[in-house]
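*Asks:* just need the structure, nothing else, for what follows:
(one chain, ligands or ions: 1)
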Amino acid sequence: MTNPLLETWDTPFGLPPFDRIADGDFAPAMEAALEEGRAAIAAIAENPEPASFANTVAALELADALLDRVAGVFYNLAGSTSNPVREGLQREFAPKLSAYSSEITNNAALFARIDDLWQRRDQLELTEEEERVLYLTHRSFARSGAALEGAARARLTEVKARLAVLGTEFTQNLLADERDWTMPLSEADLEGLPGFVIDAARAAGQEKGHEGPVVTLSRSLIVPFLQFSPRRDLRERAWRAWTARGRNGGATDNRAIAAEILTLREERARLLGYESFAAYKLETEMAGNPQAVRDLLMRVWEPARAQAMADAERLEAMLHEDGINGALEPWDWRYYSEKRRAAEHDLNEAELKPYFRLEAMIEAAFDCANRLFGLEFRPLDVALYHPDARAWEVTRKGAHVAVFIGDYFARGSKRSGAWCSAMRSQKKLGGDVRPIVVNVCNFAKGDPALLSYDDARTLFHEFGHALHQMLSDVTHGSISGTSVARDFVELPSQLYEHWLEVPEVLDRHARHAETGAPMPPALRDRLLAARTYDMGFQTVEYVASALVDLDFHDGPAPADPMAAEAETLARLGMPRAIGMRHATPHFAHVFAGDGYSSGYYSYMWSEVMDADAFDAFEEAGGPFDAETAARLEQFILSAGGSREADQLYTAFRGRMPGVEALLKGRGLDKAA
Ligand SMILES: [Zn+2]
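*Replies:* The predicted structure follows:
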C-alpha cells in the first residue's frame, strides 16, 4: 500500500494530491518524516569531514524536506478543514515535534560544528545570504540554550517546562471564566439593540441552554452590547464581568500565575546572559531593545491621550444630556461613541455592503498586484481539499511565479480569524522551488457573497502577506517569504490595505452587486472619512496594554503584577473612562505563551512603517508609482529575512520611518 504523502508528486505545479490523501496517511508519513529528519541530522553531526557551510548549515536547511512537505499539508488542513481525527493528530504531533526540535538544539556535536563555522566565518568566503543564514542558525541555537552546560542547562530545561504548563493553565482558566458567566436578558432588556445583536444574544442563549437571549463574555457579543444597549445598569454589570476575567478568586484566578510566569521569564533570560526578558526577547526583533519600543509608544501615547480626553468631554456632555449626573464611566464610552458616530458620519452597513462583492474584491486585490508588480492570475482547475477553496496560477510575463489558493468562506471545520500560510515556501537550494500560498478567511456565504468594509480590508491584508510569500526570491528556505521579525511581518500586509482606500480602486471595483453602478462619491467619502473615528480611544486602550507588557519584562519581574499594572497606568495618566484593551489577568497575548510577550507593541511598530511606506508612493507620484513598487519588491517583498529588517526598510525608503505618517493615518496628528 502506498502513502501519497511519501511519493513524488507528479501533479500540476507539484500541488499535493489532495484527492488521494486520506487522514490515515498523516501519522505514518509524520513518523517517516521524523525518522528521515533524525537520520539527516545525525549524518550532519557525525560527519568526519571538518564542518563547512555546505555540509552543515546548507545540509541542515535540507534535512527536513519531507517533514516540511507533510507538515505543510497537514497543518493547513487542520486549520481550515478540521475533523476529530485531525484534531487528535494535532494533539499527537505537538509533543513529538517539540521533542524533535529540542533534540536538534540540544545536539552538542551539531552545535559544535555550527559554532566552529561561526568563529571562522571571516575565512569561509560566504555570500552575504550564506553569512546571514549562518548567523541566524547560530543565534537560534544559542537562544535555545545550546551553549549552556551543567546545572544552568538543566535549570533552563526545568524553567521552560514549567512555563509551558503555566501558559496552558492561564489559557484554560481564562476559558473557564469566559464560559461560566452569562447575563440573561428579558424582552424589555432588548430594547434599543439592533437586530444582529439580538440574534447573536438569542443564539448564545440557545448554545448555553437558556430559554431566552443572554450576553456572554465573547468579544463579538459583549462589544456590540456595550455599544448599543441604552441600559446603563446592564452595561455596567457586563463591563465589570468582562474586565474581571482571570481575577475572580478561586481555582481560575490568574494573578499568581502571571507573577510566576514573569519571575521565570526573567530567570530564563538571565541564564542565557541577558539583563532582562525584554532584552532577550527584543534582540531578534526590529526594535532591538526596550528603549526603542518605549520611545515609539510614548510618541503615540501623548497625542492619543489628548484626543481621548477631548472625546471624553464630548461623550460626558452627551451622558449629562441624557439626564445622568456624574462622570463618564468605562461602560459608557462605547455607547455614547456609537451615538456620536451615527450622528456625525451617518454610515450604515446595509447601505455599504452591496458594493463589496467578494468576487469584485478578489479582482481588486489581483488588479492592484497587476498594476504594481505585473502579476497575472489565471484560475486553475485542480483538485483541492475543499469545494470552497479555489486556486489560481500566478505568472509574470508568462513565467510561473506561484500557485495562490483562496479559501474565503466560514465553515464549522475552520478555526476563526483569517490567515496566510505557505503550503510550500520559495527557495532555490536543492532545486528552484516556487511557493504554494494560501489565504484563509471566514466570510459569510451568500449569493452573491457580500463583504463588510472590514472584511474587504482583511482580504487585502492577507493578500499582502501572500505577496510577501509569492514574490520571495531567496536561496535558503529558512529566510524565505514571511520568515522575518515579528514586528516587521505585518508591514507588507498592513501596507496592502492602503490600496483598498485609494478612491480610484474603489471607483473601479466597488460596484453595486445588482446595478453594477460605482459607489456614489459622497458615500465613498463618508466611508473614508469614518476611518479615523474614535482613534483616541482605540489607540489609548492598545498602547496602555503595550506599555504594561513592556514594563513587566523590562527590568526585575514585579512581585505583584497587579500593583505594577496600576503603577504604570497611574504614571501614564490613563483616562478613567477607558480600560486597557487586555488587562493582566486575561492578557493572553502575553501570558498564554511566549508569542507576544514584550511584543504586544509589534502591530504598532509595523503600522509606523506601513503608513510611511505608503507615503513613499504618494510622494513619488501616486499609489501605483512603478519605480516605488519595484523598490518595494526588490528590498522587501522578495527579500524575506535575508538582511536585518531596518536595513531592508532603509534600502526601500532611504531612511527609517518617523511616527508622523502613523499619527496622520490615525487622525491624531492634530491632537496634543
Ligand atoms: Zn497579518
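
*Asks:* okay, strands next: where are they in this protein?
*Replies:* 183-184, 214-215, 376-380, 390-396, 399-409, 419-424, 436-443 (DSSP state E).

*Asks:* how long is stretch 516-531 end to end?
*Replies:* Here the two ends of stretch 516-531 are set 25 Å apart, with distance taken as Cα to Cα, to the nearest Å.

*Asks:* now it: buried residues?
*Replies:* For stretch 516-531, a neighbour-count test (16 or more other Cβ atoms under 10 Å) marks 518-519, 523-524, 526-527 as buried. (C-beta placed from N, C-alpha, C; glycine too.)

*Asks:* from the chain's centre, how far out does that stretch sit?
*Replies:* Relative to its chain's centre, stretch 516-531 lies at 29 Å (Cα atoms, centre = their mean, to the nearest Å).

*Asks:* what's in contact with it?
*Replies:* 341, 345-347, 351-352, 355, 453, 501, 503, 506-508, 510-512, 667 (Cβ atoms under 8 Å, 6 or more residues apart in numbering).

*Asks:* of the residues you listed, buried ones?
*Replies:* By 16+ other Cβ under 10 Å, these give 347, 352, 355, 453, 501, 506, 510-511, 667 as buried.

*Asks:* just name the most buried of the strands of the chain.
*Replies:* Of all the strands of the chain, strand 214-215 carries the top mean neighbour count, a mean of 24, counting by mean count of other Cβ atoms under 10 Å.

*Asks:* what is the mean pLDDT for that strand?
*Replies:* The average of the pLDDT scores along strand 214-215 is 95.

*Asks:* strand partners (parallel or antiparallel) of it?
*Replies:* In the sheet, strand 214-215 lines up against strand 183-184 (antiparallel) (DSSP bridges).

*Asks:* what's in contact with the partner strand?
*Replies:* 205, 210, 212-215, 234, 237-238, 241.

*Asks:* format those residues as a markdown table; extra columns: distance to residue 310.
*Replies:* Listed next are the contacts of strand 183-184 as a markdown table, based on distance: Cβ to Cβ, whole Å:
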| residue | distance to residue 310 |
| --- | --- |
| 205 | 39 |
| 210 | 41 |
| 212 | 40 |
| 213 | 36 |
| 214 | 36 |
| 215 | 30 |
| 234 | 28 |
| 237 | 29 |
| 238 | 27 |
| 241 | 30 |
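
*Asks:* by neighbours, which of those residues wins?
*Replies:* Per-residue neighbour counts (other Cβ atoms under 10 Å) across these peak at residue 215, which has 28 neighbours.

*Asks:* just checking, it touches residue 221?
*Replies:* Yes - using Cβ atoms under 8 Å, residue 215 is in contact with residue 221, at 6.2 Å.

*Asks:* now for these two: what residues contact both?
*Replies:* Taking Cβ under 8 Å, 6+ apart as the criterion, residue 215 and residue 221 both touch 201, 204.

*Asks:* quick one on the thing from earlier: now, the contacts of strand 183-184 that are in helices?
*Replies:* Among the contacts of strand 183-184, the members found in helices (DSSP state H) are 205, 234, 237-238, 241.

*Asks:* distance check, residue 611 against residue 204.
*Replies:* As judged by Cβ to Cβ, to the nearest Å, residue 611 and residue 204 stand 37 Å apart.

*Asks:* which one's more surrounded, those two?
*Replies:* Per other Cβ under 10 Å, whichever of residue 611 and residue 204 has more neighbours is residue 611, with 22 against 19.

*Asks:* tell me the confidence at the more buried one?
*Replies:* Residue 611 carries a pLDDT value of 92.

*Asks:* what is the end-to-end distance of stretch 527-539?
*Replies:* The straight-line separation of the ends of stretch 527-539 (Cα to Cα) is 20 Å.

*Asks:* whoops, I mixed them up, stretch 405-413
*Replies:* End-to-end distance (Cα to Cα), stretch 405-413: 18 Å.

*Asks:* try stretch 411-428
*Replies:* In stretch 411-428, first residue to last residue: 36 Å (Cα to Cα).

*Asks:* might you report the residue contacts of the nearest residue to residue 643 once chain neighbours are set aside?
*Replies:* Excluding the flanking residues, the one nearest residue 643 by Cβ to Cβ, 6 or more residues apart in numbering is residue 132, at 6.7 Å. Counting by Cβ under 8 Å, 6+ apart, residue 132 touches 479, 641-643.

*Asks:* distance check, residue 132 against residue 447.
*Replies:* Residue 132 is 50 Å from residue 447, by Cβ to Cβ.

*Asks:* for the stretch 201-350 of the chain, just list every one of the helices.
*Replies:* Along the stretch 201-350 of the chain, counting by DSSP state H, counting those that start in this stretch, helices occupy 219-228, 232-243, 255-271, 277-282, 290-321, 330-345, 349-352.

*Asks:* what packs against the helix or strand bottoming out on mean pLDDT in the chain?
*Replies:* Within the chain, no helix or strand scores below helix 349-352, which has a mean of 78 by mean pLDDT, DSSP states H and E. On a contact count with 3 or more Cβ pairs under 8 Å, 6 or more residues apart in numbering; DSSP states H and E, helix 349-352 meets helix 521-529.

*Asks:* straight-line length of stretch 382-395, end to end?
*Replies:* End-to-end distance of stretch 382-395 (Cα to Cα): 17 Å.

*Asks:* quick one: contacts of it?
*Replies:* Here stretch 382-395 has contacts from 11-13, 15, 17-19, 76-77, 80-81, 366, 375-380, 400-409, 411, 470, using Cβ under 8 Å, 6+ apart.

*Asks:* check stretch 151-168 too.
*Replies:* Applying Cβ under 8 Å, 6+ apart, the external contacts of stretch 151-168 come out as 145, 148, 257, 260-261, 264-265, 267-268, 271-272, 591-594.

*Asks:* equivalent analysis for stretch 359-373, please.
*Replies:* 375-377, 392, 396, 406, 408, 448-449, 451, 456, 459-460, 463, 467, 471, 496, 499-500, 505, 508-511, 624, 629, 632-633, 637.

*Asks:* what's the closest non-adjacent residue to residue 494?
*Replies:* Spatially, and ignoring its direct neighbours in sequence, residue 494 is nearest to residue 610 (3.9 Å; Cβ to Cβ, 6+ apart).

*Asks:* cheers, nothing more for now.
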